[in-house]
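In: need coordinates for the below:
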Amino acid sequence: MSEAVVPEPKAATRRRTSATQSTQRKKIAAGVGGASTGTLMLSLAHIVGTQTAWGVVLTWAAPSAGAMTGVVIALAKSQWELALMRWNERQDRKADERAFQRDLKIVEKYAEDPTLSDENRAALKREVQEAKKLWADRHMDRIRKSLGGT
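Out: Here you go, the predicted model:
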C-alpha cells in the first residue's frame with residue numbers, strides 16, 4: 001500500500017498592522033481619485049473631440065490633473081485622520097479631568113468625616129493638595145509643549 005501524503009501546514013502569515021493598512025488605504029484612495037480624474041478628463045476630451053483645442057488641452061493635462069488629485073486626496077485624508085486623532089485625545093483628557101475631579105470630591109468628602117483623626121485628616125488634605133499640584137503641572141507642561149516651549 002502507498003503511504004498517505006500529509007500536506008505541510010502553511011507558514012503563518014504576518015498580519016498587517018493598522019498603520020500599514022491605513023497607509024495602503026490612503027494610497028488606494030489617492031490612486032483611485034487620481035485615476036478617475038485622469039479618466040474623466042480623457043472622456044471629456046473624446047466628447048469635445050481630440051482634434052479640437054479643448055480636446056488637446058484636456059488630453060495633455062489629464063496625467064497632471066490625475067497626479068495632483070491623488071496627492072490632494074491623500075493629503076486631505078491624512079489631515080482628517082490627524083484632526084480625528086487630536087479630537088480623540090482632547091476627549092480623553094476631558095474624561096480624565098472629570099474622573100480626577102470626581103475622585104477629589106470623594107476624598108475631600110471623606111476628609112470631612114468627623115470620626116477621622118486630625119492626623120489622618122491633615123494627611124488626606126496634603127495628598128489632595130499634592131494631587132492638584134501634579135494635575136496643574138501636567139496641564140501647564142502640555143500647554144508649554146503646545147506653544148513650542150520645553
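
In: what helix or strand is the spatially most central residue of the chain on?
Out: Nearest to the mean C-alpha position of the chain, by CA atoms, centre = their mean, lies Met85 at 3.5 Å. Taking DSSP states H and E as the criterion, Met85 maps to helix 53-111.

In: contacting residues for Thr37?
Out: When contacts are counted by CB atoms under 8 Å, 6 or more residues apart in numbering, Thr37 touches 62, 65-66, 69-70. C-beta coordinates here come from the backbone N, C-alpha and C atoms, glycine included.

In: could you redo those residues as a markdown table and give each row pLDDT, distance to Ser146 and neighbour count?
Out: Formatted as a markdown table, the contacts of Thr37 follow (pLDDT from 0 to 100; distance: CB to CB, whole Å; neighbours: other CB atoms under 10 Å):
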| residue | pLDDT | distance to Ser146 | neighbour count |
| --- | --- | --- | --- |
| Ala62 | 88 | 43 | 19 |
| Ala65 | 86 | 38 | 15 |
| Gly66 | 84 | 38 | 21 |
| Thr69 | 86 | 33 | 20 |
| Gly70 | 83 | 32 | 21 |
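
In: turn those residues into CSV, columns for distance to Asp137.
Out: Putting these into CSV (distance: CB to CB, whole Å) gives the following:
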residue, distance to Asp137
Ala62, 57
Ala65, 52
Gly66, 52
Thr69, 47
Gly70, 46
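
In: between those residues, which sits nearest Asp103?
Out: Gly70 (49.5 Å; CB to CB).

In: quick check: which ranges of this protein have low pLDDT?
Out: The chain contains residues with pLDDT under 70 at 1-34, 149-150.

In: same thing but at 50, please
Out: Counting by pLDDT under 50, the ranges of the chain that qualify are 1-2, 4, 6.

In: ok, the residue nearest to the centre of the chain to Gly148 distance?
Out: Counting by CB to CB, to the nearest Å, the separation of Met85 from Gly148 is 20 Å.

In: now do Gly55
Out: Gly55 is 52 Å from Gly148, by CB to CB.

In: for the next helix or strand after the helix holding Met85, name the packing helices and strands.
Out: Downstream of helix 53-111, the first helix or strand assigned by DSSP H and E is helix 118-146. Secondary-structure packing of helix 118-146 (3 or more CB pairs under 8 Å, 6 or more residues apart in numbering; DSSP states H and E): helix 53-111.
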